[in-house]
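Trainee: Could you work out the structure for the sequence below:
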Amino acid sequence: MGHRIKDCPAMKNELVTKPTDVKQRPKVQGRVFAITEQDAKASKSVVTGTILIFSHTAWVLIDPGSTHSFVSCAYMKYADCVPELLDFELSVSTPLGETMVAEFICKSCVIKIGGNELLADLILLEIQEFDVILGMDWLAAYHANVDCYKKEVV
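Mentor: Take a look at the predicted model:
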């Protein structure tokens, strides 16, 4: 508490034991289509709602324009997993042309939808208006269909 995960002393100790040298990781490009609630309301291709993640209600953006799935650093207080260092440094482009860098991932996070438990690999990102963004990686894994007209996911 009180610091960013990348500055966490406990995580730094964890990273020391990993064989991967942080400075030698490849850089990978990713993107998110909408990262604010205002962007989501204006878009016809995203869906918002609440879903149980880490057994807590999360405000979620389902964004087919996002290459990956993300979790906000603030929502990590509910996490029941230990973040791991990504094998690459993910540079995420936002709709405003900004770039954010992500370095950690929580693998196999449990998402409960309609009585089903689904898993997601969530990359930690400094997002503010959503707890989680579920992107194409998650949508494709579960063969999801986004109904843009009804604003729902099947």
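
Trainee: Could you measure from H68 over to I105?
Mentor: Between H68 and I105 the distance is 9 Å, computed by CB to CB, to the nearest Å. For glycine as for every other residue, the C-beta is placed from the backbone atoms N, C-alpha and C.

Trainee: list the residues that contact both of the two?
Mentor: A shared contact of H68 and I105, defined by CB atoms under 8 Å, 6 or more residues apart in numbering, is any residue touching both; here these are I123.

Trainee: thought W59 was touching F130?
Mentor: Yes: counting by CB atoms under 8 Å, a contact exists between W59 and F130, whose distance comes to 5.5 Å.

Trainee: Name the residue in these two with the higher neighbour count.
Mentor: F130 (25 against 16; other CB atoms under 10 Å).

Trainee: So the more buried one, which state does it fall into?
Mentor: Secondary structure for F130, judged by DSSP: H, G, I helix; E, B strand; the rest coil, is coil.

Trainee: buried ones in the longest strand seen in the chain?
Mentor: With DSSP state E applied, the strand covering the greatest number of residues in the chain is identified as strand 99-113. In terms of neighbour count (16 or more other CB atoms under 10 Å), strand 99-113 has its buried residues at M100, A102, E103, F104, I105, C106, C109, I111.

Trainee: how about CSV for those residues, with distance to T94 and pLDDT added?
Mentor: Written out in CSV, the entries for the buried residues of strand 99-113 read as follows (distance: CB to CB, whole Å; pLDDT from 0 to 100):
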residue, distance to T94, pLDDT
M100, 7, 84
A102, 12, 88
E103, 17, 90
F104, 19, 95
I105, 19, 95
C106, 21, 95
C109, 22, 95
I111, 23, 94
